[in-house]
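In: The sequence and its predicted three-dimensional model are supplied below.
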Amino acid sequence: MKTHSDFELISMAVDGNETAFRYLVERHCDWVFKVAFKWCGKREDAEDIAQDVMMQLANKIRGFKPDGAAFTTWLYRVTINAAKDAQRKMNSRRSNEGQYANGRAVQTSLLAQEDTLVQHEAIAMLERLPDKEKEAVFLIFCEGLNHKEAARISGCAESTISWRVHKARKRLTAWANQ
Amino acid sequence: MNDKDLKEIVNPRDIPDLDDASRERIVTAAVRGYRQAEQVPSKTSGNLFGNLLAPAFKPIFAVAAGIAIVIAVQYGRLPDSNTDRYNAAVFKEYRSLFKHELRAVVARNGDVDVVLGGQEEEQTNPIIFLRIETDGEPVFITAYSGQTIEAEIGGKTVTMDILTTSDQGILVAADDFMLESGVLHGPNNLSVNAHMLETSL
């Protein structure tokens, strides 16, 4: 079954084949974990996000049309939304504790001990970006997607992605020059 | 900040692998969820749309839809049509004065600014009507598409490109906001509405 494509595994899982569903989860959970880690920068949170995404897959797979490309897009979208939700929870928890605004910043503060101050400040600046701009920058520059793919995942026009990247770049440059 | 800088900022140095125990925990939880989801009856037939189309609800649905259509036809388009007629009349008045020089009319609090092109050139592009509101202060712009217009909005001068897209959509790109296909990207205290001026001049 490991040789089956996503398309085939989804079809089988839709029909109630539990083994196919298990293979599908095993195939994608490492990838989801890495995307989540890149977003939030914290291992435990990335694991929770990966589990949340796979639970959503369990609940929704019977409604899928077995289309491989749409599945990957869906998985990206759900992962990023789950990461954003987790980050919001972290932010409120950490703001109560008077710490940095999010996991990436906390991770960065540790990295900064052995890294340059410039790099630390640069990453902290990224965290100040509005969610949608951060998402566009993340998909393009972290995930290496093109604007069309990023637009499909974010559910907006390609030009909107370009606009968000443009705005983010402008903000980051202004903050860097402050 | 160039692409290389951005890539360096976004990408963490070390991305750990998911360990076997965590992977197994995630897979087990997901499979359990899959089993439970199988036991829950599908909700598709119980959603609002499904219920409205059930035989017992069809007459009610039909009457409600009929009433909604009548209301929409009688009242729905009237305010828009009136606004269009008014703005078309104002625009037409200034065009009669400035002929091919007129590019846009900007109205605010009863004051009207006329935007003229540097030279006389017949304008054939569609006319677009914009309503931009910041903190409760509306500004109305009637302009030929394809123009770059400067207008005072929220106490500062904003330069914006007003364009039509290939699919007859409207694109407004300004320093601080962008409106595309009815979706606005910009500050929270800003609202922007745009449509083609349907009334002929």
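Out: Now that the structure is in, tell me what you want to look at. Just so it is clear, the model here is predicted, and its values are computed rather than measured. Numbering: from 1, shown residues only, chains lettered A, B, ... in the order given.
In: can you tell me which residue is nearest the centre of chain A?
Out: residue A:80 (3.4 Å; Cα atoms, centre = their mean).
In: got the contact list for residue B:180?
Out: Counting by Cβ atoms under 8 Å, 6 or more residues apart in numbering or on different chains, residue B:180 makes contact with A:157, A:159, A:160, A:163, B:165, B:169, B:171, B:172. For glycine as for every other residue, the C-beta is placed from the backbone atoms N, C-alpha and C.
In: what about the closest residue to residue B:138 other than its chain neighbours, which SS state?
Out: Distances taken as Cβ to Cβ, 6 or more residues apart in numbering or on different chains place residue B:131 nearest to residue B:138, at 5.9 Å, with adjacent residues excluded. Judged by DSSP: H, G, I helix; E, B strand; the rest coil, the three-state class of residue B:131 is strand.
In: Need the pLDDT of residue B:131.
Out: Looking at residue B:131, its pLDDT is 89.
In: Any stretches of chain A with poor pLDDT?
Out: A:65-69, A:91-124 (pLDDT under 70).
In: let's go with 50 and repeat that
Out: Low-confidence segments of chain A (pLDDT under 50): A:98-119.
In: Within range of chain A, give me the residues from chain B.
Out: Among all residues of chain B, those adjacent to chain A (criterion: Cβ under 8 Å from any Cβ of the partner chain) are B:1, B:3, B:5-13, B:15-18, B:22-23, B:25-27, B:29-38, B:42, B:44, B:171, B:173, B:178, B:180-181, B:183, B:185.
In: So which of those residues sit within helices?
Out: B:3, B:5-10, B:22-23, B:25-27, B:29-38 (DSSP state H).
In: circling back: name the pair among the contacts of residue B:180 with the greatest separation in space.
Out: Spatially, the most separated pair among the contacts of residue B:180 is A:163 and B:169, at 14.7 Å (Cβ to Cβ).
In: Report the buried members of the residues of chain B next to chain A.
Out: Taking 16 or more other Cβ atoms under 10 Å in any protein chain shown as the criterion, what is buried in the residues of chain B next to chain A is B:1, B:6, B:9-10, B:12, B:18, B:22-23, B:26-27, B:29-31, B:33-34, B:37, B:171, B:173, B:178, B:180, B:185.
In: need the helix or strand of chain B with the lowest average pLDDT.
Out: Here the helix or strand of chain B ranked lowest by mean pLDDT, DSSP states H and E is helix B:48-52, holding a mean of 36.
In: Report pLDDT for the residue nearest to residue A:142 when sequence neighbours are not counted.
Out: Among residues not flanking residue A:142 along the chain, residue B:10 sits closest, at 4.2 Å (Cβ to Cβ, 6+ apart). The model reports residue B:10 with a pLDDT of 73.
In: show me what contacts residue B:10?
Out: By Cβ under 8 Å, 6+ apart, the contact list for residue B:10 reads A:38, A:126, A:137, A:138, A:141, A:142.
In: Derive a PyMOL selection command for the buried subset of the contacts of residue B:180.
Out: The buried residues among the contacts of residue B:180 can be selected in PyMOL (16+ other Cβ under 10 Å) with this line:
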select buried, (chain A and resi 157+159+160+163) or (chain B and resi 171+172)
